[in-house]
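*Asks:* Task: produce atomic coordinates for the following.
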Amino acid sequence: MKPIYSDATSALSDILADGMTLMVGGFGLCGIPEKSILAIEALGVRDLTCISNNAGVDGIGLGRLLRTRQVRKMISSYVGENKEFERQYLAGELELEFCPQGTLAERCRAGGAGIPAFFTRTGVGTVVAEGKEVREFGGVAYIMEEALRADISLIRAWRADAAGNIQFRKTARNFNHPMATAGALCVAEVEEVVPLGTIDPDAVHLPGIFVDRLIVDPTPAKHIEFRTVRKREAT
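*Replies:* Residues are numbered from 1 along each chain as shown. As a prediction, the model looks like this:
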C-alpha cells in the first residue's frame with residue numbers, strides 16, 4: 001500500500017532539497033501537479049532544475065516557481081506563454097535547454113526504460129544538434145540524445161487505488177506517464193483513492209510500481225489557457 005497524504009506539503013517536505021532535478025508532468029495547464037508546485041513554493045527550496053514540456057504561465061504552474069526565483073534551469077519544449085520566463089532567460093538569469101517536443105517525450109520515456117541514449121533525425125543541421133554526436137544510418141544523419149532522469153517526478157492523475165495503480169483522464173495523460181517512470185521517486189496527485197479492485201486491470205494507465213506517494217486533492221483547479229468565443233450575431 002502506498003502512503004497517502006491529504007496535503008502536498010506533508011508529502012514533499014522530507015524529500016525535497018536544494019539543487020534537485022524535478023520532472024513536472026502536464027501539457028499547458030492540463031494535468032499539472034499544481035498542489036505540489038504550491039508546496040514547493042512554500043517550502044522554499046532553490047536552485048532547482050525542472051524538466052517540463054512548458055513552464056506554465058505567469059502565476060500558474062511552474063510560473064510561480066519562476067516568479068520566486070526557485071528554478072535555476074529549465075529543460076523544456078515550449079515556453080512561449082510565460083513573460084517572466086522570457087525576461088529571466090533574455091537577462092541571462094535562467095539556464096535553458098530547449099528540446100523538440102517529441103524528443104523530450106522520448107528522452108523521458110528512455111530514462112524510465114533504462115535506455116541511456118537514442119538517435120533521432122529531429123534537429124539534424126540545426127542548433128539542436130550543436131555539441132551532440134552525429135552518426136549516419138543507411139546514409140541518413142542522426143543525432144544522439146541522452147535520456148532524462150530526475151530525483152523526483154511530480155504528476156497529476158484522475159484516481160489511484162491503494163496500491164498506487166493510476167488512471168488518467170483524457171489529455172491529462174500527456175507527459176505525466178513517461179515522467180512518472182523516470183524519477184527516483186514519484187509523487188502523484190489524484191482526485192480520489194479507491195479500494196483495490198475498483199480499477200479494471202486493463203484500465204490501469206500507470207502501474208503502482210512506479211508510484212511512491214499519493215496526494216489526495218478532490219477539487220483540482222481547472223484552468224483555461226486560452227478562452228475563445230464567437231461574437232454574438234445581431235438579431
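
*Asks:* Which residue comes closest to Val187 once chain neighbours are left out?
*Replies:* Sequence neighbours aside, Arg213 is the residue nearest to Val187 in space, at 4.6 Å (criterion: Cβ to Cβ, 6 or more residues apart in numbering). From N, CA and C alone the C-beta is placed, and that goes for glycine too.

*Asks:* quick one: pLDDT of the one you found?
*Replies:* Note on Arg213: pLDDT of 98.

*Asks:* Give me the number of neighbouring residues for it.
*Replies:* 20 (other Cβ atoms under 10 Å).

*Asks:* cool, Thr198 as well?
*Replies:* Number of residues near Thr198 (other Cβ under 10 Å) recorded here: 15.

*Asks:* cool, the one 4 residues further on as well?
*Replies:* When counting by other Cβ under 10 Å, one arrives at 5 neighbours for Asp202.

*Asks:* what do you get for the one 10 residues further on?
*Replies:* Asp212 has 20 neighbouring residues, counting by other Cβ under 10 Å.

*Asks:* show me where the protein has strands.
*Replies:* For the chain, applying DSSP state E gives strands covering 4-5, 21-24, 48-51, 71-76, 95-98, 117-120, 134-137, 140-146, 150-156, 159-161, 166-167, 183-190, 192-194, 213-216.

*Asks:* wait, which of these is closest to Asn174?
*Replies:* strand 150-156 (9.8 Å; Cβ to Cβ).

*Asks:* ok, Cys108 to Pro218 distance?
*Replies:* 28 Å (Cβ to Cβ, to the nearest Å).

*Asks:* These two: which is more packed in?
*Replies:* Shown here are Cys108 and Pro218; by other Cβ under 10 Å, Cys108 has more neighbours (29 against 8).

*Asks:* Touching, Ala105 and Met179? I think so.
*Replies:* No - at 9.2 Å, Ala105 and Met179 do not qualify as touching, with contact defined as Cβ atoms under 8 Å.

*Asks:* so how far is Glu145 from the residue nearest to Gly19 when sequence neighbours are not counted?
*Replies:* Using Cβ to Cβ, 6+ apart and skipping residues adjacent in sequence, the residue nearest Gly19 is Asp47, 4.7 Å away. Noted for Asp47: a distance of 25 Å to Glu145, by Cβ to Cβ.

*Asks:* How many residues are close by Ile51?
*Replies:* Look at Ile51: counted by other Cβ under 10 Å, it has 27 neighbours.

*Asks:* Next: the one 3 residues further on.
*Replies:* Neighbour count of Asn54, defined by other Cβ under 10 Å: 26.

*Asks:* among the helices and strands of the protein, which has the poorest mean pLDDT?
*Replies:* helix 83-90 (a mean of 90; mean pLDDT, DSSP states H and E).

*Asks:* List the buried residues in it.
*Replies:* 84-85, 88-89 (16 or more other Cβ atoms under 10 Å).

*Asks:* Let me have these in TSV, adding distance to Leu22 as columns.
*Replies:* As requested, the buried residues of helix 83-90 are exported to TSV (distance: Cβ to Cβ, whole Å):
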residue	distance to Leu22
Glu84	18
Phe85	16
Gln88	17
Tyr89	19
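
*Asks:* quick one: which two of the residues you listed are the most distant?
*Replies:* For the buried residues of helix 83-90, and using Cβ to Cβ, no pair is farther apart than Glu84 and Tyr89, which are 9.5 Å apart.

*Asks:* Mind putting the strands of the chain into TSV with distance to Thr228?
*Replies:* Output for the strands of the chain, formatted as TSV (distance: least, Cβ to Cβ, whole Å):
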stretch	distance to Thr228
strand 4-5	37
strand 21-24	26
strand 48-51	29
strand 71-76	24
strand 95-98	27
strand 117-120	34
strand 134-137	42
strand 140-146	35
strand 150-156	24
strand 159-161	30
strand 166-167	29
strand 183-190	28
strand 192-194	31
strand 213-216	32
